[in-house]
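Participant: All I have is the shape, not the residue letters:
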């Protein structure tokens, strides 16, 4: 897959940068080798404190972040990194297979997770998908989506409702884009998982509920609602009624 996938670069054509954080040096080096094979620049850190410092200095386009670290955990690393880099996509690595750990990482602001042991090919594929969603790849054509008073510029990745700008994370943006491309159409959780995350979260569709709630707080808060739950069917986005 890696040898035939189209090359991704920063918008200015320079290599993408990925920060790999894992206290197991051998695993970090293995991941770094696979990412360099993609043509990306890689920095590594093996503790939480060094990860936070590296994120400031390296300015990564994405972070691969182990949850279990020797000083403080990956969730705390993410909180600190998001203080200065609120939009950088993060893939959590975890040796735990419990749903609570996955949801905890996503609730903290992570965009995806991979459970150890994992395949390098899968990790690279998920990173590519995340960085595309985050706008790391060059955009080939401009497109503006409009539903009622909600407007999304897919090129600049700006979102406005009633003229007021709304800041979204990479995953929130992709979820809203899918809803806006299908206005007035009821979309099931399975459809959303498949199209937004590009794979099945092991049947854990509660991640969709989580991100729908995030979007509602940003899109509908204090306004007439546009995102509606169709009980037993899914979700639908439609212009607000006055």
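Facilitator: Sure, I can see it. The shown structure was predicted, so the numbers you read here are calculated from the model rather than taken from an experiment.

Participant: need the contact list for residue 51.
Facilitator: Residues in contact with residue 51, defined by CB atoms under 8 Å, 6 or more residues apart in numbering, are 19, 21, 45, 63, 65, 69, 77, 81. C-beta here means a position set from N, CA and C on the backbone, and glycine is covered the same way.

Participant: Which residues does the second one form beta bridges with?
Facilitator: It refers to residue 21. Judged by DSSP bridges, the bridge partners of residue 21 are residue 45, residue 65.

Participant: returning to what we had before: including neighbour count, could the contacts of residue 51 go into CSV?
Facilitator: CSV is the format used below for the contacts of residue 51 (neighbours: other CB atoms under 10 Å):
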residue, neighbour count
19, 25
21, 30
45, 24
63, 30
65, 28
69, 22
77, 27
81, 24
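
Participant: Of the residues you listed, which is the nearest to residue 217?
Facilitator: Residue 217 lies nearest to residue 81 out of the contacts of residue 51, by CB to CB, at 21.7 Å.

Participant: measure that closest one to residue 177 for me?
Facilitator: 25 Å (CB to CB, to the nearest Å).

Participant: Quick check: residue 179 touching residue 235?
Facilitator: Yes: the pair residue 179 and residue 235 qualifies as a contact (CB atoms under 8 Å) at a distance of 7.1 Å.

Participant: so what sits against both of the two?
Facilitator: Contacts common to residue 179 and residue 235, judged by CB under 8 Å, 6+ apart, are 187, 227.

Participant: Let me see the backbone angles for residue 164.
Facilitator: Phi and psi for residue 164, reported as degrees, to the nearest 10, are phi -100, psi 130.

Participant: Can you show me the strands along the protein?
Facilitator: In the chain, the strands defined using DSSP state E lie at 17-21, 41-45, 62-66, 90-94, 112-115, 144-147, 150-153, 158-161, 164-166, 227-230, 234-237.

Participant: Any stretches of this structure with poor pLDDT?
Facilitator: Scanning the chain for pLDDT under 70 picks out the ranges 1-7, 95-109, 135-142, 198-205, 242.

Participant: Which residue ranges of it form helices?
Facilitator: For the chain, the helices defined by DSSP state H occupy 25-37, 48-58, 74-84, 99-107, 120-133, 170-180, 189-192, 206-219.

Participant: which of the ones you listed is buried the deepest?
Facilitator: helix 170-180 (a mean of 22; mean count of other CB atoms under 10 Å).

Participant: Tell me which other helices or strands that helix touches.
Facilitator: Contacts defined by 3 or more CB pairs under 8 Å, 6 or more residues apart in numbering; DSSP states H and E place helix 170-180 against helix 120-133, strand 144-147, strand 150-153, helix 206-219, strand 234-237.

Participant: CSV for these, including distance to residue 36?
Facilitator: Formatted as CSV, the helices and strands packed on helix 170-180 follow (distance: least, CB to CB, whole Å):
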stretch, distance to residue 36
helix 120-133, 11
strand 144-147, 36
strand 150-153, 33
helix 206-219, 30
strand 234-237, 40
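
Participant: close enough to count as contact, residue 183 and residue 237?
Facilitator: Yes: Residue 183 lies in contact with residue 237 (CB under 8 Å); the separation is 5.7 Å.
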